[in-house]
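1. Fold the following.
(2 chains)
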Amino acid sequence: MAYDLAFARDVYKNSEMGHWIKMCKQCGVCAGSCPLGPHWEHSPRQLFQLVRAGKKEEVLRSNSMWMCTSCYNCIVRCPRELPITHIVHGLARYAVVHGYADPKQSTHRFASNIFWPNIVSTGRVGEAMLTMRLYFADGLSAGIKQGLEMKDSALGMLKTRRLNPIPLRGKIKGFAGFKAMLAKAQELEKKREAAA
Amino acid sequence: MEAKKIGCYICTGCGIGEAMNVAALEKVASKEQKIPVTRSHPYLCGAEGVGMIRQDMANEGVNALLIAACSHRFKTDEFQFDTPLLDRVDLRDKVLWVQDVASGDATAKEDLQMMAADYLRMGSVKLKKMEPPDPFQDAGFSKDVLVVGGGIAGLTAAKEVAATGYRAILVEKSAALGGMVARMHKVTPSRAPYRELEENPIQALIATVEGDSHIKVYKNAAIRSTLGAPGLFDVTIHNGDTLTTERVGSIILTTGYSLYDPKKLDARLGYGVSPDVVTSLEFEEMAKAGKIVRKSDGQPARRVVFSLCAGQRDANHLEYCSGACCAYSLKHALYLMEQYKDGSAYVLFQELRTPGQGEEFYRRVQEEGGVIIKGDVEKVEKGAAGGLRVQIHDKLLRGHEQLEVDLLVLATGMLSTVDTSDPNNPSPVGQVASEEAAYVLNLDYRQGRSMPELKWGFPDSHFICFPYETRRSGIYAAGPARRPMGIAESITDATGAALKAIQAVESVARGAGLHPRAGDLSYPSFRREGCTQCKRCTEECPFGAINEDEKSNPQFNPTRCRRCGTCMGACPQKVISFANYSVDMIGSMLKEVEVPPADDEKPRILVFACVNDAIPALDTVGRNRTPLSPYVRIIPLRCMGSMSLVWVADAMSSGFDGILLMGCRHGEDYQCHNVRGSALAENRLSKVSETLNRLQLESSRVKMVEVNIMDADTLPALINDFAAQIGSMELNPYKEF
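-> Sure thing, here's the model as predicted:
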């Protein structure tokens, strides 16, 4: 039934920062502030209104949560001071927990799945390995083709030292601490989800 | 008063002394105008300059002051003396500061000198024609205040009047005090942190009012007649079988609002489809009674749609916003969620208007889980399981959705309760009406028994500039009787109106004018022998101050008068004048301007400017140092409504080449302080071509423009273009005569 609040109430309770969604006043400043806005299926504003309208499928199948680059523009500008970036990441996690966002069907989810081990293995992003994994996911020839397409961008980034060409790099200083931090965060998250 | 002895004081400060030949100006005053005491001072508004004037008043017997310095709008405290005979000649703002003499050009200097001399002449004549006003007095003046309507605004007004030591008389039509607010459960927050509903304050307020010995309360009462004028209102109150007449000084109208009839709403809103479609007030009363339930079957109402702006901001119903329903409906959503923890409140809005601290309350309702949707109700049907099936248009998601709910609550708008619909039905002058009919006050005005309307049936005057004022002097409107508003605003309003009402009785007691010429002690005097009973003054007075007797003789009510002079401008016989403002005075002033012979090729342009808007705008032009044509001579008028056509003829026959009139904007969004002074002037002016034709002059020599107080940027071009236009015409042939 439309506007049944059961889904919304579950999101308020169980999605990280989800309770903030009820405070949105639909002004649309987030939608206008998002640099990737035109590429989202739903702007944060729409996503939040869909939650209130009880549109579970539309919300959890949206690509929007996976498009966020955490630039924090929306958080800075939200007149109601909603932590929009965090709410959106919370909704992504909520979708995963509820069996949505299958990596086989969602390129965004897939990208996030290769990003995570990449950064966790050394404590820093290995750009070369990350792009290789991404380009060659669809097979060898597709990978070469995509790589050649992006050649100029890659050379430009190399020149301006925005890309390290060595695929395997050493770990960051204090790597053990970094690992411990992640383990603790995961433990807390599991505990929270178990309690819910 | 002893014989008038004028002293002329020329300030040479602010650059006046350097730019003008002050000795020559002194000569104009002393030799030409024969002013017995003439002095100049380099800093006239300083202690020494003012002291010099005081000394002359004490030692030389000077009792009329001509102060030639800056605009009359500045240094008003410094130039305040113990005489009603004072005129300010502006040599700085409208002369020195608008003439470009920096180049040292001899012609420019000469023009400046001529200009200054002309203003000095005009001021001198004005002062010679001026008599000290004799304030209107009546032994029967009352300082009591009548409050009509005993709701939250009326109770507050009565309480505030009494708290300042005045007596209030409160008239309530029903059997109990409290009005609409008494029907409410709780009220929206008025205190920090603006999140909690508050207990209804009305019972405590009623107790305060009923226990106050300064307040006399009539319940079950209506007003049969309101005769007279401020200070002298005789109000006949019909109460049961008795008629009581009370004399009061001023009146506060707090009759509140009535609600728009929900049966008239669009069918899509579903009123009448089921008992489960209710108005906000019905929901409020349900909450007050205790249980929020479906009206159809008494089941708990857990899911409720609140639809705002029902028949409001809608060309087919009420065109305006009632201003209070947004917060009112959010309160209702909170009632619901407080009663049912699993309740679902949906608020459908057009624009959610919760100004100021209302935002905190809006946040609170969201925190509690209220769902706020921009959208409309499209269709209402009875629901499958009782209750309702409501189709809404969600404008945020651009979708149409069906909701199964228990109640639909419609926020209907506020209507005026003041009769403003019958402007042409005057009661028999000076008689108590035989019944109350539909009138709140049953006024005794030539213009009718009802209050003049501003818009949409509300009796407000210009609501931005002059809150609480109505077009009936000494009668103030507050709360939703003035315009739609909520409780907090009504309380502020009532307090403000109470102060206006007290100010009115005090001003009347001193014989002083009310807004906009507050404190003016003059009032129109009338030479009965000259009157031709043409009724122009009685018809045109914007405040209905002049009644008529059976023979159409005007009957002035001096305490209703706002001193605008519209009657003076209207009178073709010139029989109406003020001690310090008359047709003769202005006519003599303009004749005193020295018109150069045609050979000099220096035209003269007369500007009549309204003191309320045009004159301040001209002062700003001066402050901006924007040059104006040196041929312009400005005469301030109390209001364009006081403009007499005689002056146009006088100016033309005196050799002026053009006349420019600067009045306020008129029409629907008028800005005239006296409602329609400028409109009347324009109407009179339409007949001026007749006069000009008689003189064989082009009618384009006379032009009227609308000037706003903010127009300092566009005003110079307006004046200079007109001057150029006049300059391009043949000069007025009457100069030679």
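
2. Relative to chain B, which residue of chain A is the closest?
-> Closest approach of chain A to chain B (Cβ to the nearest Cβ) occurs at A:Ala2, with a separation of 3.9 Å. (C-beta placed from N, C-alpha, C; glycine too.)

3. Surely that residue is in contact with B:His400?
-> No: assessed by Cβ atoms under 8 Å, A:Ala2 is found out of contact with B:His400, at 9.4 Å.

4. B:Gln350: what's it in contact with?
-> When contacts are counted by Cβ atoms under 8 Å, 6 or more residues apart in numbering or on different chains, B:Gln350 is found next to B:308-309, B:313, B:374.

5. and of the residues you listed, the nearest to chain A?
-> Checking the contacts of B:Gln350 against chain A by Cβ to the nearest Cβ gives B:Lys374 as the nearest, at 6.7 Å.

6. Near chain B, which residues of chain A? Just list them.
-> Proximity of chain A to chain B (Cβ under 8 Å from any Cβ of the partner chain) is limited to residues A:1-3, A:5, A:8-9, A:12, A:22-23, A:25-26, A:45-46, A:49-50, A:52-53, A:55, A:80.

7. residues touching whichever residue of chain B sits closest to chain A, list them.
-> Ranking the residues of chain B by distance to chain A (Cβ to the nearest Cβ) places B:Glu401 first, at 3.9 Å. By Cβ under 8 Å, 6+ apart, the contact list for B:Glu401 reads A:2-3, A:53, B:391-392, B:394.

8. Please apply the same query to A:Ala128.
-> Shown here is A:Ala128, whose contacts under the criterion Cβ under 8 Å, 6+ apart are A:163-167.

9. What's opposite the nearest residue in space to A:Leu5 that is not next to it in sequence in the beta bridge?
-> Counting by Cβ to Cβ, 6 or more residues apart in numbering or on different chains, A:Leu5 lies nearest to B:Ser344, which is 5.2 Å off, once chain neighbours are set aside. According to DSSP bridges, B:Arg303 are recorded as the beta-bridge partners of B:Ser344.

10. ok, B:Ser344 - how many residues close by?
-> Here the neighbour count serves as a burial measure; for B:Ser344 (other Cβ atoms under 10 Å in any protein chain shown) it reads 24.

11. pretty sure it is touching A:Tyr3, no?
-> Yes: under the criterion of Cβ under 8 Å, B:Ser344 lies in contact with A:Tyr3, with a separation of 7.3 Å.

12. remind me which residues of the chain are low pLDDT?
-> Using chain A. Judged against pLDDT under 70, the low-scoring parts of chain A cover residues A:1, A:104-105, A:196.

13. I was thinking of chain B, sorry if that wasn't clear
-> Across chain B, the ranges flagged by pLDDT under 70 are B:1, B:420-437, B:462-464, B:736-737.

14. Get me the contact residues on it for chain A.
-> Counting by Cβ under 8 Å from any Cβ, chain B comes close to chain A at B:344, B:346, B:352, B:362-363, B:366-367, B:369, B:371-374, B:394, B:396-397, B:399, B:401-404.

15. top strand in chain B by residue count?
-> Of all the elements of type strand in chain B, the one with the most residues (DSSP state E) is strand B:371-382.

16. What residues of that one count as buried?
-> By neighbour count with 16 or more other Cβ atoms under 10 Å in any protein chain shown, strand B:371-382 contains the buried residues B:371-377, B:379-380.

17. Which pair of those residues spans the longest distance?
-> Pairwise distances across the buried residues of strand B:371-382 peak at 20.9 Å for B:Ile372 and B:Lys379 (criterion: Cβ to Cβ).

18. coming back round to it: can you say which of the contacts of B:Gln350 are buried?
-> By 16+ other Cβ under 10 Å, those give B:308-309, B:374 as buried.

19. of all those residues, which comes closest to B:Arg560?
-> Distances from B:Arg560 to those, taken as Cβ to Cβ, are shortest for B:Cys309 (39.5 Å).

20. That closest one in helix, strand or coil?
-> Reducing the assignment at B:Cys309 to three states with DSSP: H, G, I helix; E, B strand; the rest coil gives strand.
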